[in-house]
Structure formats: structure tokens, C-alpha cells
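Novice: Output the structure for:
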Amino acid sequence: MGVIIKMLQWLFLPWLNRKFKGLAAAYGQEQAKPHFEVERKYPVSPEEFHKLSGRLRDLGFLKKSKATIVDTFLPAEKDGDMVRLREETVDGLTVTVITLKEWVDVDGERERKERESDPIDSVTKDTLMSLGRRLATEPLMSFSKDRTTFVGRRDKRAVTVALDVASGLGDYSGNYLEIELIVERQEDVAEARAFVESFVTELLGSHRECAISYMEMLKRSRKASSKN
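Specialist: Predicted coordinates for the structure are as follows:
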């Protein structure tokens, strides 16, 4: 059985990733355009989390949405890259999108190059989930979060801030602040990084080390659980 699984991965993982990329393009030409996601997330205490909504409003940010999100990660061709199915429920309406992320080196640090589709239909979602389960060597990783999203402008930049209550991450479950800027050009990445570091200090009142990605949290949590 192990040999068969490896053959399936060797034969179909490249095809599967190409298929995801094609679907992303087919379901949203404009959204599917590659861009750089300069994103940092920070663990925050319950007290800090409670105050952040008011702090953001004081800075002119507007609440965009409140959603329940379930992220499921499918096998990717390269270790560390991401193929994600996201089910997002807002006001009782659930939509599913495909997100492709790959790590790229920019000025000595790694950033995500991202591509995302418009909503996909249930047949496409079920097909991709089924293929993902068949290709994976263990159960697919998944977690959920209640996310409140704020949008605003700072220093002439469009900024998205998310306040997450994440569950299903083992010891990493809890409250997080996420700051995101989208930049189209690689040469703008360094400046966006500096902005995020400055802005989180402004929001929290002190410098804060950023957290690892949710996908990495899931991997570490699963590894820790397997040892127990």
C-alpha cells in the first residue's frame, strides 16, 4: 500500500497542483493574479484582544466582517507550500475558495506569494477534498477560527487587520492579531514589512515577536500529539 501511495503522489501531485492553479485562474481572473502577502500574526492576551476592536476604531478602521472559517490543507507539491480550501461562513452563507501559497525569498527573508480563486461550487470542493485525502499519507490537517476583520488606511496603505479566536491547534489555540498588506511588486515587500512591525507596536504598545503560521502550528501540534 505504501508503494501505491508513493506512486500516486509522484504521478498526481504535480497534476493536482496544476489543476488547482487552473481552477484559481478560471474562477477569478483578477483575484487569481499572483501577489505578495506580507502578513504577520501575533499571539495576544485576552485583555489585549478585548481592547483591540476599540483601538482599531479609534484609528479609523472599519469592521468589514465577522466570520467563522474552517481551513483544510491539501497535499502540496513542495514541502512548505500551501494548497488550502477555506470555508467561510458570514451571516449564514458559506463560500469556499482555493488558495495557493508558495514561499519565495525576498531580501533574505521568506514571504508568501499568493493566488486565490473566486468561490467554487460544492462539486469542485468535494472532488478536491476527495483527491486530497487519497494523496495524503495521513488525515488532512484542519482547524477553525472565529475572525473579525477590520480594514483601513495607514500611511497611504490599504491595511487589513484580523482578530482571530483559533481552535483545533492544540496548545497553540487562542487569540491572535493578524496584520496583512498585499503588494504587487517584489521591490515593495521590504517597506511593507517595516510598516507591519511599526504598526503592531503602535497597536499593542510594545514590540512583539510574530508567531509561526497556522499551518506550521498544526504540524507541530500533530507531531506533539503523536509523541503522547
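
Novice: now could you export just the CA positions of stretch 46-61 as CSV?
Specialist: What follows is stretch 46-61 as a C-alpha-only set of coordinates in CSV (Å, rounded to 0.1, in the frame of the first residue of the first chain):
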residue,chain,number,x,y,z
PRO,A,46,-7.4,38.0,26.4
GLU,A,47,-7.1,41.5,27.8
GLU,A,48,-5.3,42.8,24.7
PHE,A,49,-7.7,41.0,22.4
HIS,A,50,-10.7,42.7,24.2
LYS,A,51,-9.2,46.2,23.7
LEU,A,52,-8.1,45.8,20.1
SER,A,53,-11.5,46.4,18.4
GLY,A,54,-11.8,49.8,20.1
ARG,A,55,-8.2,50.7,19.4
LEU,A,56,-8.7,50.0,15.7
ARG,A,57,-11.9,52.0,15.5
ASP,A,58,-10.1,54.9,17.2
LEU,A,59,-7.5,54.7,14.3
GLY,A,60,-10.3,54.9,11.7
PHE,A,61,-10.5,51.3,10.8
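
Novice: Is Ala192 in a helix, a strand, or coil?
Specialist: helix (DSSP: H, G, I helix; E, B strand; the rest coil).

Novice: Surely it touches Glu180?
Specialist: No: judged on CB atoms under 8 Å, Ala192 makes no contact with Glu180 at a distance of 9.5 Å. (C-beta placed from N, C-alpha, C; glycine too.)

Novice: what sits in contact with each of those two?
Specialist: Residues within reach of Ala192 and of Glu180 at once, by CB atoms under 8 Å, 6 or more residues apart in numbering, are Val38.

Novice: what about those two, which has more around it?
Specialist: The neighbour count for Ala192 versus Glu180, taken as other CB atoms under 10 Å, is higher for Ala192 (21 against 17).

Novice: If I look at that one, what pLDDT would I see?
Specialist: pLDDT for Ala192: 91.

Novice: ok, it - contacts?
Specialist: Ala192 neighbours (CB under 8 Å, 6+ apart): 36, 38, 157, 181, 183.

Novice: which SSE is Arg134 in?
Specialist: helix 122-135 (DSSP states H and E).

Novice: Provide a list of residue ranges in the protein with pLDDT below threshold.
Specialist: Scanning the chain with the threshold set as pLDDT under 70 gives 1-34, 107-110, 112, 228.

Novice: how about the strands in it?
Specialist: 35-43, 62-74, 82-90, 93-106, 109-116, 141-154, 157-167, 174-183 (DSSP state E).

Novice: Adding distance to His50 as columns, could you present those in CSV?
Specialist: Below are the strands of the chain laid out as CSV (distance: least, CB to CB, whole Å):
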stretch, distance to His50
strand 35-43, 15
strand 62-74, 15
strand 82-90, 22
strand 93-106, 28
strand 109-116, 29
strand 141-154, 12
strand 157-167, 10
strand 174-183, 9
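
Novice: So which of those strands is nearest Ala224?
Specialist: Proximity to Ala224 (CB to CB) singles out strand 141-154 among those, at 13.5 Å.

Novice: Need the contact partners of the closest one.
Specialist: Outside of strand 141-154, the residues within contact range by CB under 8 Å, 6+ apart are 53, 56, 59-73, 158-169, 195, 199, 214-215, 218-219, 222.

Novice: change it to 6 Å
Specialist: Among residues not part of strand 141-154, those counted as contacts by CB atoms under 6 Å, 6 or more residues apart in numbering are 56, 60-70, 72-73, 159-169, 218.

Novice: Okay, angle between it and strand 62-74 too, please.
Specialist: Using axes from the mean of the first three to the mean of the last three CA atoms, to 10 degrees, the inter-axis angle of strand 141-154 relative to strand 62-74 is 150 degrees.
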